[in-house]
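**Q** only geometry, no sequence info:
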């Protein structure tokens, strides 16, 4: 497949890029700083682009089979809420202009529910992540009204950590996936496996899913 990966040099994007290339997909990696990607591969094209330039983004996306957005404006960005919504909307409109229907958005765990309440609204939710998590939650609500694209929204486990690729995890939909010890966690390497699995198999079209061990 021809896959466009937005945010390919980030915490999530880096292992997703590796997973895509290891499975033989052709990847256009869209980043702010191409120097951050050290990978060399005949199936990889690295492009520096402004995510807010919708027309240019559409030109880069045109002809691809799918787009994975691991876009994150940065957790320390004081405008993270507005930038996440603006950037994600630019990506969505770029797909439409390019005539590409398949979109997978990597969001946050904050919109997952326990007993009907979303995590981001709880008193224990970390303040430093609240704006970004709220943006991802609000964008998911916008996607629920998106009928033209074959979108999927992935909420990671509550704890997303660097680790190893085991390819052994469980999937869920709107509630966190807890293990026998009551932990909800996943390695970013295993989340990359789930992301590429979904792009290949299309199990959660116009839906959100999550995962954990």
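**A** Arrived safely, thanks for sending. Keep in mind the model is a prediction, meaning the values are calculated, not measured.

**Q** Got the confidence number for the closest residue to residue 125 other than its chain neighbours?
**A** Closest residue to residue 125 apart from its sequence neighbours, by C-beta to C-beta, 6 or more residues apart in numbering: residue 119 at 5.9 Å. Backbone N, C-alpha and C define where each C-beta goes, glycine included. Note on residue 119: pLDDT of 96.

**Q** Excluding covalently adjacent residues, which one is nearest to residue 151?
**A** Going by C-beta to C-beta, 6+ apart, residue 151 has residue 103 as its nearest residue, at 4.6 Å.

**Q** Would you enumerate the residues in contact with the closest residue to residue 71 other than its chain neighbours?
**A** Using C-beta to C-beta, 6+ apart and skipping residues adjacent in sequence, the residue nearest residue 71 is residue 7, 4.6 Å away. Residues near residue 7 by C-beta atoms under 8 Å, 6 or more residues apart in numbering: 13, 30, 31, 69, 70, 71, 72, 106.

**Q** gap between residue 7 and residue 73?
**A** Residue 7 sits 10 Å away from residue 73, going by C-beta to C-beta, to the nearest Å.

**Q** Can you give me the pLDDT of the residue most central in space within the chain?
**A** Closest residue to the average C-alpha location of the chain: residue 106 at 1.8 Å, with C-alpha atoms, centre = their mean. At residue 106, the model reports a pLDDT of 98.

**Q** Run through the residues that contact it.
**A** Contacts of residue 106 were listed using C-beta under 8 Å, 6+ apart, and they are 7, 12, 68, 69, 70, 71, 154, 156, 195.

**Q** Tell me which of the residues you listed fall in strands.
**A** Among those, the members falling in strands are 68, 69, 154 (criterion: DSSP state E).

**Q** Distance to residue 164 and neighbour count for those residues - can I get that in JSON lines?
**A** Putting the ones in strands among the contacts of residue 106 into JSON lines (distance: C-beta to C-beta, whole Å; neighbours: other C-beta atoms under 10 Å) gives the following:
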{"residue": "68", "distance to residue 164": "21", "neighbour count": "29"}
{"residue": "69", "distance to residue 164": "25", "neighbour count": "25"}
{"residue": "154", "distance to residue 164": "19", "neighbour count": "23"}
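
**Q** mind putting those residues in CSV, distance to residue 45 included?
**A** Listed next are these as CSV, based on distance: C-beta to C-beta, whole Å:
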residue, distance to residue 45
68, 15
69, 17
154, 24
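
**Q** wait, is residue 160 part of a helix?
**A** No: with DSSP: H, G, I helix; E, B strand; the rest coil as the criterion, residue 160 is assigned strand and is not in a helix.

**Q** ok, now which ones touch it?
**A** Taking C-beta under 8 Å, 6+ apart, one finds 12, 109, 185, 186, 187, 188, 191 in contact with residue 160.
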